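1. After the sequence you'll find the predicted model.
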2 protein chains.
Amino acid sequence: MFSMRLQGGAPIYEQLEQRITELILSGEMTENEKLPAVREIAKQLSINPNTVQKTYANLEARGLIYSIPAKGSYVAHRGDYLERIRNESMKTFSEAVKTALKQGLTSKELHEAIDKISNGKEE
Amino acid sequence: MFSMRLQGGAPIYEQLEQRITELILSGEMTENEKLPAVREIAKQLSINPNTVQKTYANLEARGLIYSIPAKGSYVAHRGDYLERIRNESMKTFSEAVKTALKQGLTSKELHEAIDKISNGKEE
DNA sequence: ACAACTGTACTAATTCATATGATACAGTTA
DNA sequence: TAACTGTATCATATGAATTAGTACAGTTGT
């Protein structure tokens, strides 16, 4: 389910959080779908259950999932998080734009980079 | 010269590196201009000389400055680093675009964000 | 009722990056 | 010669991230 290779750099709980966020936002996981148990993911990725627990806590704080003790964790209702996540993403992106401009890139170049990527020329 | 307030979050040596990078790329510091001594900056910012030394080492590795032991550190020749820094910046920005797209933002929204920022509507 | 599962909580130990502090060396500059 | 330069090395301290072990209360299925 959560096939991913843990890379160095970012903390594990953040990488996992990012991965699950993508699964939810892309629609691969749908509303009220049950997520794997904390201990299940920990086993699969060979990491500590507490690390997964931290990821789940963050996802719940962001409104992406909801957890019921002794039952499980589930994907939240789409309307509850969609707007918030969009604002999060836009804020992060705006910071990236400011940094890029400070470092000498032109807005024209940034526009071109977006088109190049969104047209599947990269990644 | 390097007026700046150290904030929490990013490491000190990175904040200083970012600040000096901006000074050089914006043209506020010109080719072959001498940078303050390691101990000088450390005193002004009330930080440890070793922290400043780390910043200088990074800047030299990126080709933005060159250091001569017992003489000082100087802004490098513009042609030597300009292309490299542009590539660095573009790579970082591209990652931000990919992340934003993954999180559901459209390329149209990203274009609009750039225009909004570069037109001075923000920051 | 029982076993197996669930999220959650807590504490301790560990690793790692960051930052400090002190000292030293060799070369330059005035 | 004295004061400065970049650079190097060692020790220390701190905090974040992670690991590890254990525990609790509630659920689920048999």
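-> In hand now; what should we look at?
2. number of nearby residues for whatever residue of chain A ends up closest to chain B?
-> Scanning chain A for proximity to chain B using C-beta to the nearest C-beta identifies A:Ala96 as nearest, at 3.4 Å. For every residue, glycine as well, the C-beta is placed using N, CA and C. Residues lying near A:Ala96 (other C-beta atoms under 10 Å in any protein chain shown) number 21.
3. That one contacts B:Lys98, correct?
-> No. Counting by C-beta atoms under 8 Å, B:Lys98 is not a contact partner of A:Ala96; they are 10.8 Å apart.
4. what kind of secondary structure is the residue in chain A sticking out farthest from the centre in?
-> Farthest-out residue of chain A from its mean C-alpha position, per C-alpha atoms, centre = their mean: A:Gly104, at 29.4 Å. Secondary structure state of A:Gly104, per DSSP: H, G, I helix; E, B strand; the rest coil, is coil.
5. what comes up buried for stretch A:82-100?
-> Buried positions in stretch A:82-100, judged by neighbour count with 16 or more other C-beta atoms under 10 Å in any protein chain shown: A:85-86, A:89-90, A:93-94, A:96-97, A:99-100.
6. Reformat those residues into a markdown table and put secondary structure next to each item.
-> Formatted as a markdown table, those follow (three-state DSSP):
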| residue | secondary structure |
| --- | --- |
| A:Ile85 | helix |
| A:Arg86 | helix |
| A:Ser89 | helix |
| A:Met90 | helix |
| A:Phe93 | helix |
| A:Ser94 | helix |
| A:Ala96 | helix |
| A:Val97 | helix |
| A:Thr99 | helix |
| A:Ala100 | helix |
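7. tell me the domain boundaries of chain A?
-> Chain A breaks down by automatic domain parsing into domains covering A:12-76, A:80-118.
8. Average pLDDT for the first one, rounded please.
-> The average of the pLDDT scores along domain A:12-76 is 93.
9. now do the same end-to-end measure for it.
-> End-to-end distance of domain A:12-76 (C-alpha to C-alpha, to the nearest Å): 23 Å.
10. same check, this time on the shortest one
-> Between the opening and closing residues of domain A:80-118 lies a distance of 27 Å (C-alpha to C-alpha).
11. The residue of chain A found nearest DNA strand C: neighbour count?
-> Relative to DNA strand C, the nearest point of chain A is A:Ala37 (2.8 Å; C-beta to the nearest atom of the strand). As a burial measure, A:Ala37 scores 14 neighbours (other C-beta under 10 Å).
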